[in-house]
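**Q** Fold the following.
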Amino acid sequence: MKIVFLGTASCFPTPTRGVSCTALQLDDGNVWLFDCGEGSQIQLQKSIIKPGKITKIFITHLHGDHLFGLPGLLCTLGNGLDPGKAKDIEISLYGPHGIRKFVQTALGLARSPLVFRLSVFELIPRDDMYPEDWKDWDIGHHLAGLKVV
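**A** Sure thing, here's the model as predicted:
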């Protein structure tokens, strides 16, 4: 097996460094991807990793530098596939609670259906694993600096 670091920077990609994305190439040729920050597709193109060999994607947490490249990558993985064979391809996505909603929302708003099967496995923490004030955290669309016109 080989480990290929596609990105190790934090926050945002730079001309010389990508954000979080690591590929594990197994001996059978299959690839498992860990995180998929913005610009990961470009880093994949520069590497020895074949995107068509990606079978599993693991997202460690829902910060943008770990998942903003995911919707684009999922769309790209379906490009050029024979529609008759694509239905037999399955990619498994593992991540924290909310990853399913993120993918459905991003691909839905972009009107980007996938031609392959995507199985999503959300990891749900036990109640005692959340901070005490977890239910008080506002995750609405009230973003500072966002002006809706």
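
**Q** can you pull the contacts of A110?
**A** By Cβ atoms under 8 Å, 6 or more residues apart in numbering, the contact set of A110 is P71, C75. Quick note: C-beta positions are derived from backbone N, CA and C, even for glycine.

**Q** brain fart, K85
**A** Counting by Cβ under 8 Å, 6+ apart, K85 has no contacts.

**Q** and it, helix, strand or coil?
**A** helix (DSSP: H, G, I helix; E, B strand; the rest coil).

**Q** What ranges in the protein fall below the confidence cut-off?
**A** Scanning the chain for pLDDT under 70 picks out the ranges 139-149.

**Q** ranges for the helices of it?
**A** 40-46, 64-67, 70-78, 83-86, 99-109 (DSSP state H).

**Q** Not counting its neighbours along the chain, what's nearest R117?
**A** Nearest non-adjacent residue to R117, counting by Cβ to Cβ, 6 or more residues apart in numbering: E90, 4.3 Å away.

**Q** Tell me how far the one you found lies from R111.
**A** In this structure, E90 and R111 are 22 Å apart, going by Cβ to Cβ, to the nearest Å.

**Q** who has more neighbours, these two?
**A** The neighbour comparison of E90 against R111 (other Cβ atoms under 10 Å) goes to E90, with 11 against 6.

**Q** on that earlier part again, let me see the contact set for the residue nearest to R117.
**A** Neighbours of E90 in contact, by Cβ under 8 Å, 6+ apart: T55, F116, R117, L118, S119.

**Q** For D138, see how far away it is.
**A** Taking Cβ to Cβ, one finds E90 at 36 Å from D138.

**Q** which residues in the protein form strands?
**A** Here the chain has its strands, by DSSP state E, at 2-7, 21-25, 31-34, 54-58, 90-96, 117-123.
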